[in-house]
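Undergrad: Got a predicted structure here, sequence first:
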Amino acid sequence: MKKFNIEKYCIIKPDEADVSFLPMLVRRKLSQIDKIVFSILNKLYDEKIDNIIFSSRYGEFDRLNEIISQYQTDNMVSPIKFSASVHNYAPAAFSQMKKVTNAYNAISAGDESLETGICTAIIQPDTRTCLCYADDIGIGLVIDTKNSGYEFIQGEKQKGNIEEFIEFMNDEKDIWANTLGKLRKV
């Protein structure tokens, strides 16, 4: 059993992503996932965060398909599109723009990406981690492993889903069971 606290939490739907803090030239080049990531990180990141975890099932899958199509058609690839297609592009670009020097991880674990991101955050001792999950919807958490309010329990693994996690965070469920274990409030 591992105890931790979730200090901050937000949900960002694709049409609600606020990137107005970015210059227009930058904004117009962002994908939907980029906008979600920038919106979450801008909302939750503060100077007391020790690290950032970005988690996504597929990341920039649409950009990758675009690059493959471009290569098949033109036998060349845009260097800008290629650099923006890597899985960690959005958190890296955010770190660069905001001059963040903290460590960050990028995780892709298929349907288990959210729970893998949470588990990665909670196993780090005495840290405040900003977790940013982005796919069809964005979920942001600031997880503090120095305090308690939640616990992770291994065992009785079940297939979890994003909707159930949101219900759990909105106090509509007492436990969120997932493939890595269970989360519950203490």
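TA: Good, I have the coordinates.
Undergrad: in this protein, which spans are helices?
TA: Applying DSSP state H to the chain gives helices spanning 24-27, 32-44, 61-74, 79-85, 89-98, 113-122, 162-169.
Undergrad: helices or strands next to the worst-scoring helix or strand of the chain on mean pLDDT in the packing?
TA: Least confident element among the helices and strands of the chain, by mean pLDDT, DSSP states H and E: helix 79-85 (a mean of 71). If contacts are counted by 3 or more CB pairs under 8 Å, 6 or more residues apart in numbering; DSSP states H and E, helix 79-85 sits against helix 61-74. Any C-beta I mention is one placed from the backbone N, CA and C, and that applies to glycine too.
Undergrad: what does the longest strand that the chain contains rub up against?
TA: For the chain, the longest strand by residue count, based on DSSP state E, is strand 2-12. Strand 2-12 is contacted by residues 36, 39-40, 43-44, 121-123, 128, 137-152, 166, 169, 186 when judged by CB atoms under 8 Å, 6 or more residues apart in numbering.
Undergrad: Next, the angle from it to helix 162-169.
TA: 110 degrees (axes from the mean of the first three to the mean of the last three CA atoms, to 10 degrees).
Undergrad: The residue lying closest to Lys146 once chain neighbours are set aside and Val26, how far apart?
TA: Computed as CB to CB, 6 or more residues apart in numbering, the closest residue to Lys146 that is not its neighbour in sequence is Asp126, at 5.2 Å. Distance of Asp126 to Val26, given as CB to CB, to the nearest Å: 35 Å.
Undergrad: Between the two, tell me which one has more neighbours.
TA: A count of neighbours by other CB atoms under 10 Å puts Val26 above the other of Asp126 and Val26, at 14 against 8.
Undergrad: Please tell me how far Gly59 sits from Leu114.
TA: Counting by CB to CB, the gap from Gly59 to Leu114 is 14 Å.
Undergrad: low-confidence ranges in this structure?
TA: 61, 85, 87, 156 (pLDDT under 70).
Undergrad: so who does Ile139 touch?
TA: Residues counted as contacts of Ile139 (CB under 8 Å, 6+ apart) are 9-12, 40, 114, 131-133, 162, 165-166.
Undergrad: quick one: contacts of stretch 15-33?
TA: Contacts for stretch 15-33 (CB under 8 Å, 6+ apart): 14, 35-36, 38-39, 42-43, 56, 59-60, 62-63, 80, 84, 90, 97, 134-135, 138.
Undergrad: which one among the contacts of Ile139 gets closest to Ala106?
TA: Here the nearest of the contacts of Ile139 to Ala106, counting by CB to CB, is Cys132; it sits at 9.9 Å.
Undergrad: Surely that closest one and Gly138 touch.
TA: Yes - the pair Cys132 / Gly138 is scored as a contact, 7.1 Å apart, by CB atoms under 8 Å.
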